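In: prediction below, plus the sequence it came from.
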Amino acid sequence: MNEETNKNEEIHTKEGVPVDETLPTGGESSIIGESKADGGEPAGKESEITSDSKKGKKKKPKKKAKKKAKKKGRVSVSTIILVTIMLAGAGIFLYPSISDWWNSMHATQAIAGYVSAVEDMSQEEKEAAFEKARAYNESLPNGVNFNLSDEEYAEYESILDITGTGIMGYVQIKSIGVNLPIYHGVDEGILQIAVGHIPGSSFPVGGERTHSVMSGHRGLPSAKLFSDLDKLGEGDTFTITVLDQTVTYMVDQIRIVLPEETDELGIVEGEDYCTLTTCTPYGINSHRILMRGHRIDNLDGIALPAEAVQIPTYIVIPAVGIPILFIVLAVMLIYYRRRGPKRSTQEMLDELRKQR
């Protein structure tokens, strides 16, 4: 019996015993055993699938992290719009100052070119030009005559135009910082950048029975021109330079009139006048300021035409400081947008572990 029992045990061991007789049911081992006995996939492969699925789950956060990093690295549309608005605001704020400086620079260059052309003239040529201007002044009637025929206007334009650009001289008002070329005529193109001489008035070369009249715009966003003319008072002076001769006028009368009221601009026998005119009130321009001066002896320290424009401090500070401020703000905004929220040490360690 014992031998037979031992043989039966050996047979059972070799041929395999049904799982339900040798292993407890309901456990994980039974499921694995059944899969082996039925010829299914080995348990090792199942564990590999499980681990692969776990790995797959771990890989997904990496993709999300990369997407988040890309999003953080991009500049948002709102940032671009904000920076654009800031730069546009700075440009609008700075435009009047920069434009006025630009216009002043070109005005000074025009004057310097005129002075250079005068220096190239001989004394005989200068005297001939002055004589022609004086003869024209003597031919003008007393009072006001601003309505010229085409022939009269053509003759007018040919006098004192030594450069061919229409410049006949320049006006300087030291107290309000005016240094502008004077052109023949009062076309809008001239008044946008300089001072215009009114045709039919005397050429500004001085002499008895002369009254030259010059007009300049006020309140332009692109140029200062005669914007501060109303700051002059009786006793203030201004100078007119034609060719190489400078005449000085002292303000003795200030009138505010309607545009059609021109009696104050007439030529007066025995008088040497020069009137500067511009629009008023500021921004409304319904009337005209007539700033009349009578000729006096030249004063010491008369301003000479500069070869370069000195930029005032009130232009330099906003023109340089405000753009720098906006650039710094824009760079800081973009930097912090890209940087994103600061991560803690624990978050950094967790990310390093995930990458392993």
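Out: Alright, I've got the coordinates.

In: check which helix or strand Ser212 maps to.
Out: Take DSSP states H and E as the rule and Ser212 turns out to sit in strand 210-215.

In: for that strand, which strands pair with it and how are they oriented?
Out: Strand pairing for strand 210-215, determined by DSSP bridges: strand 195-197 (antiparallel), strand 272-280 (parallel).

In: ok, and what's touching the last one?
Out: So that's strand 272-280. The contact list for strand 272-280 (Cβ atoms under 8 Å, 6 or more residues apart in numbering) reads 171, 204, 206-219, 225-226, 229-230, 238, 240, 247, 249, 256, 264-265, 285-295. C-beta: built from backbone N, CA, C; applies to glycine.

In: name the residues that touch the strand holding Ser212?
Out: By Cβ under 8 Å, 6+ apart, the residues outside strand 210-215 that reach it are 137, 171, 182, 186, 191, 195-198, 201-204, 240, 265-268, 271-278.

In: just name the most buried of the strands paired with strand 210-215.
Out: strand 195-197 (a mean of 24; mean count of other Cβ atoms under 10 Å).

In: what helix or strand is Ile111 located in?
Out: Taking DSSP H and E as the definition, Ile111 sits inside helix 77-119.

In: now for that helix, which elements pack on it?
Out: In this structure, helix 77-119 makes packing contacts with strand 167-173, strand 178-184, helix 313-339, judged by 3 or more Cβ pairs under 8 Å, 6 or more residues apart in numbering; DSSP states H and E.

In: show me where the stretch 151-300 of the chain has its helices.
Out: Listed in chain order, the helices found in the stretch 151-300 of the chain under DSSP state H, counting those that start in this stretch are 188-191.

In: give me the low-pLDDT residue ranges for it?
Out: Along the stretch 151-300 of the chain, the model assigns pLDDT under 70 to residues 222.

In: circling back: could you check the angle strand 167-173 makes with the strand holding Ser212?
Out: Interaxial angle of strand 210-215 relative to strand 167-173 (axes from the mean of the first three to the mean of the last three Cα atoms, to 10 degrees): 80 degrees.

In: which positions in strand 210-215 come out as buried?
Out: Thr210, His211, Ser212, Val213, Met214, Ser215 (16 or more other Cβ atoms under 10 Å).

In: what does stretch 77-88 give?
Out: By 16+ other Cβ under 10 Å, the buried positions in stretch 77-88 come out as Thr79, Val83, Met86.

In: for that stretch, what is the average pLDDT?
Out: Here stretch 77-88 scores 74 as its mean pLDDT.
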